[in-house]
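Colleague: The sequence isn't on hand, but the structure is:
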Ligand SMILES: Nc1nc2c(c(=O)[nH]1)N[C@H]1C(S)=C(S)[C@@H](COP(=O)(O)O)O[C@H]1N2
Ligand SMILES: [Mo]
């Protein structure tokens, strides 16, 4: 199925949380009847495209048990202030330069330390696990942050399906390599394709999701359509977008940012206010969407998720393993 999705965003459409909550109730009510034997994907996409904006509602998802009471970052900021170097290095580039990007058809390859290599279409990925909303605090290594209502599914479900062997100690996530659709790849700002990785236990943690939507809608291209990683206790660069390959490895993957700046971007990249970036402090952050004069807020250990993930790093030197 082809998803036509232009990124001409009608920004006035949803900004307030109240509006969003109302809409979400409607979405859920509509969704129940749209899920049919033909599968979640059909239900997910059918009949919900907004012709004027190209935006598409997701028809059915459960509400998260994980969340935050903090104010959501407005939709406009989430979708126009992006890091996605495949579409340019300024924050405003991805929303514009990703307009012609086609997130469908889409196939993901499962490789490496697995029972056998296999491929799966995005439609079938949607059948592996129920979709859930996860409102997560997101912290970019550059010092800004957002609160984003993602829609996604537990990465653990996809890993179960992938059937990694006992040799799998790490998972590598590889983004699309296509300099026709991704004009930023014609410039060697990073070693393309974009590569990220997690330790197996981090990947299996219930907080780790593959996101396929946000604000109740199908993921916009600039946010990593059709599927991107979200790891809320780590700096944003861990969340690889437009993933096409998932590779299980015995050794620690070499990520794009580690290659670009080994002293600045570590493999773990856990949000940590006590370990500064060599060129700036990580003790505080600027919450996007609050306006120019909003005071910076304190950055929390593991981005506020210490209770859920702190034990993954017990006994580890977090200065060495930054
Ligand atoms: N493929 C790819 N994934 C990527 C990036 C990128 O340049 N390419 N940037 C990362 C960085 S630095 C951040 S902060 C987040 C931003 O995600 P968002 O634009 O959806 O907020 O995406 C991450 N994933
Ligand atoms: Mo980032």
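Modeller: Looks like it came in fine. Bear in mind the structure is a predicted one, so any value in this text is a computation, not a measurement. Ligands and ions are numbered 1, 2, ... in the order given.

Colleague: near ligand 2, which residues of the stretch 151-300 of the chain show up?
Modeller: Counting by Cβ under 5 Å from the ion, the residues of the stretch 151-300 of the chain close to ligand 2 are 236-237. Backbone N, C-alpha and C define where each C-beta goes, glycine included.

Colleague: now the helices for this structure?
Modeller: For the chain, the helices defined by DSSP state H cover 17-34, 40-45, 75-80, 93-97, 122-128, 155-162, 200-204, 256-260, 306-309.

Colleague: Spell out which residues belonging to the stretch 151-300 of the chain are near ligand 1, please.
Modeller: Counting by Cβ under 6 Å from any ligand atom, the residues of the stretch 151-300 of the chain close to ligand 1 are 175, 194, 223-224, 236-237, 239-242.

Colleague: Which of those fall within strands?
Modeller: Among those, DSSP state E puts residue 175 in strands.

Colleague: pull the longest strand from this protein.
Modeller: Per DSSP E, the chain has its longest strand at strand 144-154.

Colleague: helices or strands up against that strand?
Modeller: helix 75-80, strand 132-139, strand 209-214, strand 284-287 (3 or more Cβ pairs under 8 Å, 6 or more residues apart in numbering; DSSP states H and E).

Colleague: That strand to helix 155-162, inter-axis angle?
Modeller: Calculated by axes from the mean of the first three to the mean of the last three Cα atoms, to 10 degrees, strand 144-154 forms an angle of 40 degrees with helix 155-162.

Colleague: Can you check what angle separates strand 144-154 from strand 209-214?
Modeller: 100 degrees.

Colleague: interface residues of the stretch 1-150 of the chain facing ligand 1?
Modeller: 82-86, 140.

Colleague: What sits closest to residue 304 if chain neighbours are left out?
Modeller: Nearest residue to residue 304 in three dimensions, chain neighbours excluded: residue 137, at 5.7 Å (Cβ to Cβ, 6 or more residues apart in numbering).

Colleague: Make sure that neighbour is actually in contact with residue 68.
Modeller: Yes. With contact defined as Cβ atoms under 8 Å, residue 137 counts as touching residue 68 (5.7 Å).

Colleague: Can you name the residues that contact the residue nearest to residue 304?
Modeller: 68, 70, 145-147, 232, 303-304 (Cβ atoms under 8 Å, 6 or more residues apart in numbering).
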